[in-house]
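K.L.:
3D model of this:
(chains A and B)
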Protein chains: 2
Amino acid sequence: MTKPMRIALLMTGNELMSGVTVDSNSAMIARRLEPLNLRVEQRVTIGDDPDRLTAELLRLSAVSDLILVNGGLGPTIDDLTAQCVARACAVELVLNEQADQHVRDWCQARGFAANEANLKQAWLPDGCELVHNPVGSAVGFRVSLNNCQVVCTPGVPGELRAMLDQQILPWLAHQYPQSDRVTIKRLQLFGIGESSIQQMVQEAMPDWPAEIELGFRAGAPSLELKVSCFSDQYESMRSDCEHAIRRLFADYIFAEGDVNLQQSMVELLRSRNKKIATAESCTGGLIASMLTEIPGSSAVFEGGFVTYSNRMKQQMLGVSEESLTQHGAVSEQVVLEMAAGALRRSGADYAVAVSGVAGPDGGSDAKPVGTVWIAWGALDTLQAREFYMPRARTLFQVMVAATALDLVRREILGIQTQPRYFRERAPR
Amino acid sequence: MTKPMRIALLMTGNELMSGVTVDSNSAMIARRLEPLNLRVEQRVTIGDDPDRLTAELLRLSAVSDLILVNGGLGPTIDDLTAQCVARACAVELVLNEQADQHVRDWCQARGFAANEANLKQAWLPDGCELVHNPVGSAVGFRVSLNNCQVVCTPGVPGELRAMLDQQILPWLAHQYPQSDRVTIKRLQLFGIGESSIQQMVQEAMPDWPAEIELGFRAGAPSLELKVSCFSDQYESMRSDCEHAIRRLFADYIFAEGDVNLQQSMVELLRSRNKKIATAESCTGGLIASMLTEIPGSSAVFEGGFVTYSNRMKQQMLGVSEESLTQHGAVSEQVVLEMAAGALRRSGADYAVAVSGVAGPDGGSDAKPVGTVWIAWGALDTLQAREFYMPRARTLFQVMVAATALDLVRREILGIQTQPRYFRERAPR
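P.N.:
Residues are numbered from 1 along each chain as shown, chains lettered A, B, ... in the order given. As a prediction, this is how the structure comes out:
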C-alpha cells in the first residue's frame, strides 16, 4: 500500500468564523475525495486575516502533501488568498493573461464590461498553474510550496463543485494514482440507536476484522452504517462483514446509499403501485411535506389532511364528536378514525394518522408532552400504537413523522415485528 | 480596551472529516459568543485520531486563551476527547462520581439501566471541572492546559446549545468580563436581496460611519441585517444608523432578533386574534408544517389542505372540474378557488393557497418548472399573483412558502406595495 497522502483543507472567510455561514464546502470536498481513497487529515478555518492565512499556509505545507484552499478568490478587498499564497511562496502577484481573458469574457457574456474589482481576480502568484472555473469569474490556481501542492478554489459552492469535478479530481487521480481501490457501502437504518448497534455487533461479531471500517452517522432521525475497506485485497472480507450486518439489522435497514426515509417510502410505494394519504395533527403537515419534497411523489401521494383543531378533525376526516369528547384528541380511537377518514376521503391504499402533545404546553398528567398516538395501515389492517418521546417540539415532530413512515414501511413489507423505537415508556 | 481574548475551536469527529456531517455547531458557537464581544480566531477540525487530537490541544493551548472542544464525548469507542485531554494535561482518566450519577440518573429516567458504554462517559480527566449537560447523558468538562482554559462539549447540537446557554456563556461572561459593551441589533428582511440592500444603503447613507458594522446574513429564504457597535461610546451613532436602516427597508422588515418568518406570522396572527388556513399543492404541506413548528400555533392555525392531486383539490376544497380542465391546476382561477375553499371549510380569517410546478418534471412551454400561482387574503379580499422561481425542487418549495407567508403578512398589516421578490420574469 502506498503511503497515505496527507491532505489539509484551509477554509478562509470572515463569514465562516462569525457564524454567518455554515461551511458545507468542506463536507462536499471530503465526500468527493472519498472514492479516490483520499482522506482529509485536518481542516483549518480562519478569517480574512492575511498574516494568519500566510502563516497557516506555511505551517500546513510542512506537514501535508496537498492543501486545498477554499475561499478568498472573489473581487472584494477581503479576498486575500492569491496575495497570501504569493507571500508564502515568496513570489510576486502578476497579471495572468489567461485569467484576465477569462474574467473579461465572463463579464462580457453577462452583458457588462469588467471593472477593476472583477479584474483584480486575474492577479495571481507568479508561476502558478491556472485551474479553470467553468461557472464563475474567479479562476482557481495551483502552486508548489515546500514540496506541497497548494490548490486554491473559490468559496461559491457551485463553482467549487464544478472545479472539483471537472478539473481538480481528474488531476488528483492522475497525479496521485492510488494502488488500492476503496469500497464504501452505506446502509440506512431507523428505529435503533448507535449504542445498541455497537453492542449487538460486538456480541455477534467479536472478531470484527481490523481491515474493515464500521462507521456510524447518527442523524436525526435515521442512522447510517458504513462498511468500508481501503484495498481490493480486503473486498471479500468487507463483503462478508456487510452481509453479516445486513442479517443482523435486516428489518431496520430501509435503504442503501444516500437515501433518506421519505425517498425510500416514495420508492417503495411506487414499486408496488400504491398510494398513501396523511392525516396529521401534532406534526402539522410535516409528513406530507417530507413526502412531497421527493421528485415524483405525485405518483404515490394523494393528499394530506392537516387537522390541527378538533373541529377540522371532525369536518375534514369525519372523526366523531363522541370520540373526541370521551377519549380526547390524543387517543387510539381518534387516530384510528383519522386514518380511516383519510383512507375513505382520499381513496389511497395506505394512510398514516398522528395525534400527540408536541408541547411545550398542552400536557397533562395522563398525557404529558411527548405522548403521541400513531395509526397506520390499509382500511382492513388499521392499527394504532402509543409512543412517548419527550423531546423539544421540532425534534419530537421529526421523530413522530419518521416513526410513522417506518411503521408504514414495515406494514407494506409484511415485517411482523415492530421495534421499541424509543426507550422511553409512556407514564402509564 | 482589554486585550482581545484568543479563542480557538477544536471540532472533532470522523463524520466531520468524511463529509457525512456538515458542521453547524461552530456557527452556533460563534453566534452565541458575539454578544459577549468574543470572536473565534481559528477553528481546527480533525477526525477521531487520538495522537492528532492530543497534538492539536497542545499546539492550540500555546497560542490561545480558550479552546472550545466540540465532539467525541459520546459512549462509543470513537469518542476520545476525555482521553486526549487527559494525555495533553498529563493526568489520568478517573471515574467522576458526579458524572457517574448523572449518567445513571439519565438512563434510569428513560427506563433502562446504564450499560458499560453509557458509563464510559463518566471517566474524565483527573481534576477537571464538570460542565452539566441538562439535555443528554454526556457531561462536559473544563481543564486548564498551559494557562489556556479548555472546555469540552458533546457534538449533539441540542446538547451543545443547552450547555452553552446555561453553563458556558454565563461562566465566560463572569470569567472574562469585557470592558466594552457590544450592541448587536438584528433585523430580519424578506423580499429583497443583498446586493440591492447594499446599493440602497450606499446611495442613502454615503457617510456610513466606520465605527458601526453593517453585517449581512443571506439565508434561504430570509436575510438578516445586523447593525453593531463594539463600545458603549458609539451606541447613539449605532442607534441612528439602525433607525435609518429601519426607515429605508420598513416594509421588508418582518421581525427583530432571532425570529423567522413563521414565528413572526404566528405572532402577528395571535396579536390580532386571527386564524389562518392553508391550501397547498406544490409545497405539499410545507407552509402548514412551518407554522405548526412554532409553539402555540394552535391558537392561530386552523388546519391545512394538502391537495396534491386534482381529485383532492375538488373533493377537499371544492375546486371546480371546469376550472381544472380549462385553466389547469397551476392557474389563477384554481388557486383562488383553493383559497376560497380553505376559508369556507375551515372558518379561518385568512387563507393562502399555492399551486405550481416544482419539477424536475411536469413543466411545459406555457408553464415551465418554477411557475407558481399564489392566492391569499380573507374571503372578501382574495387576490392571486403569478411567480417564476426556477430553482431546485426543495429550494423552490421553501421560497414559495416564504413568499406566501410574506404576502399574507403585508395583507394583514395593510402594506399596499408588493416587492418583485425575485428577479426572474415568467416567460410570457
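K.L.:
please save the CA atoms from stretch A:190-205 in CSV.
P.N.:
Below are the C-alpha coordinates for stretch A:190-205, written out as CSV (Å, rounded to 0.1, in the frame of the first residue of the first chain):
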residue,chain,number,x,y,z
PHE,A,190,-34.2,3.5,11.5
GLY,A,191,-35.6,2.5,14.9
ILE,A,192,-32.3,1.5,16.6
GLY,A,193,-29.7,3.6,18.4
GLU,A,194,-25.9,3.8,17.9
SER,A,195,-25.1,2.2,21.3
SER,A,196,-27.4,-0.8,20.7
ILE,A,197,-25.9,-1.3,17.3
GLN,A,198,-22.4,-1.3,18.7
GLN,A,199,-23.3,-3.7,21.4
MET,A,200,-25.1,-6.1,19.0
VAL,A,201,-22.1,-6.0,16.6
GLN,A,202,-19.7,-6.7,19.4
GLU,A,203,-21.7,-9.6,20.6
ALA,A,204,-22.5,-11.1,17.2
MET,A,205,-19.1,-10.4,15.6
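K.L.:
now do the SS call for residue A:225.
P.N.:
With DSSP: H, G, I helix; E, B strand; the rest coil as the basis, residue A:225 sits in strand.
K.L.:
same check, this time on the one 10 residues further on
P.N.:
At residue A:235 the chain is in helix, as set by three-state DSSP.
K.L.:
you'd agree it is up against residue A:229?
P.N.:
Yes: taking Cβ atoms under 8 Å as the definition, residue A:235 is a contact partner of residue A:229 at 6.2 Å. C-betas here are computed from N, CA, C, even on glycine.
K.L.:
please enumerate the shared neighbours of the two.
P.N.:
Counting by Cβ atoms under 8 Å, 6 or more residues apart in numbering or on different chains, the shared contacts of residue A:235 and residue A:229 are residue A:183.
K.L.:
and these two? which has more neighbours close in?
P.N.:
Between residue A:235 and residue A:229, counting by other Cβ atoms under 10 Å in any protein chain shown, residue A:229 is the more crowded of the two (24 against 14).
K.L.:
quick check: the gap between the residue nearest to that one when sequence neighbours are not counted and residue A:255.
P.N.:
In this structure, residue A:229 finds its nearest non-sequential neighbour in residue A:238, 4.0 Å apart by Cβ to Cβ, 6 or more residues apart in numbering or on different chains. For residue A:238, the distance to residue A:255 equals 19 Å [Cβ to Cβ, to the nearest Å].
K.L.:
how about residue A:53?
P.N.:
Relative to residue A:255, residue A:53 is positioned 42 Å away (Cβ to Cβ).
K.L.:
okay, the two: which has more neighbours?
P.N.:
More crowded of residue A:53 and residue A:255, by other Cβ under 10 Å: residue A:53, with 25 against 21.
K.L.:
tell me the domain boundaries of chain A?
P.N.:
Split into domains by automatic domain parsing, chain A comes to A:7-175, A:183-256, A:262-413.
K.L.:
ok, residue A:381 to residue A:327 distance?
P.N.:
Per Cβ to Cβ, residue A:381 is found 22 Å from residue A:327.
K.L.:
neighbour-wise, which of the two wins?
P.N.:
Using other Cβ under 10 Å as the criterion, residue A:381 and residue A:327 rank with residue A:327 on top: 15 against 9.
K.L.:
does that one really touch residue A:333, like I thought?
P.N.:
Yes: here residue A:327 reaches residue A:333: they are 4.6 Å apart, a contact under Cβ under 8 Å.
K.L.:
and residue A:287, what does it touch?
P.N.:
Contacts of residue A:287 (Cβ under 8 Å, 6+ apart): A:278, A:280, A:304, A:352, A:354, A:401, A:404, A:405, B:285.
K.L.:
rerun at 10 Å
P.N.:
A:262, A:265, A:276, A:278-280, A:301, A:304, A:306, A:352-354, A:397, A:400-402, A:404-405, A:408, B:285, B:289, B:306 (Cβ atoms under 10 Å, 6 or more residues apart in numbering or on different chains).
K.L.:
just the ones of these in strands?
P.N.:
Those of the contacts of residue A:287 mapping onto strands are A:276, A:278, A:279, A:280, A:301, A:304, A:306, A:352, A:353, A:354, B:306, per DSSP state E.
K.L.:
okay, the residue nearest to residue A:229: pLDDT?
P.N.:
At residue A:238, the pLDDT value in this model is 94.
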